[in-house]
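Asks: Starting from these lines, generate the structure:
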Amino acid sequence: MSLSWKALFVAPAALGLVATAAYAQPTMPRQPQAQAQPQQQGGTDLDPVVGDGKIIVHPSMRVGQKMVANFREFPDPGDSDQLVVVAAGAPDNVTASSQGEKPLSYTYVTRYFLDNGWEVGPFAPGRYEIRWLTTLYNNEKKLEVGARAQFSVRR
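Replies: Numbers count the residues shown, from 1 in each chain. Below is the predicted model:
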């Protein structure tokens, strides 16, 4: 069977010449990541929050590391206010005293932590959230999320 080069470019499917290979996008070699800078997060995409406090965290850390979370614009804490670390996406009602799901780390808030930061970790790889749970903004003494910030842990 004799084919001209023009027939191959005009109608390859009609001749039973169908390409099956997928073309992959070329990938660039990975560049080393720069040291993560502290990032302020406090309520923009992680709503809802009831307070004006901001939790400042490094957005990413490695397995085995500890991180210091810092706090800005926080009022004096209530008697039962808590800082908790939970898996990102966990329900807002996960507290130190909740039934069922428990926080991965927690402490009751004191002025010491607000002034000096809270060292937490290490954690397994994944996405996490630090939350300030407070009773300051309601009359029922019910814990609500007053501030939150997310971070990730990588290998």
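Asks: What is the burial count for residue 151?
Replies: Using other Cβ atoms under 10 Å, residue 151 has 25 other residues around it. Using the backbone N, CA and C atoms, a C-beta is placed for each residue, glycine as well.
Asks: ugh, typo on my part, it should be residue 98
Replies: 13.
Asks: I'd like the distance between residue 107 and residue 48.
Replies: Residue 107 sits 23 Å away from residue 48, going by Cβ to Cβ, to the nearest Å.
Asks: Who has more neighbours out of those two?
Replies: residue 107 (16 against 9).
Asks: List the beta-bridge partners for the more buried one.
Replies: Using DSSP bridges, the bridge partners assigned to residue 107 are residue 83.
Asks: Could you find the closest non-adjacent residue to residue 110?
Replies: Spatially, and ignoring its direct neighbours in sequence, residue 110 is nearest to residue 77 (6.8 Å; Cβ to Cβ, 6 or more residues apart in numbering).
Asks: now residue 75
Replies: residue 136 (6.2 Å).
Asks: now that neighbour, what's its secondary structure?
Replies: Under DSSP: H, G, I helix; E, B strand; the rest coil, residue 136 falls in the coil class.
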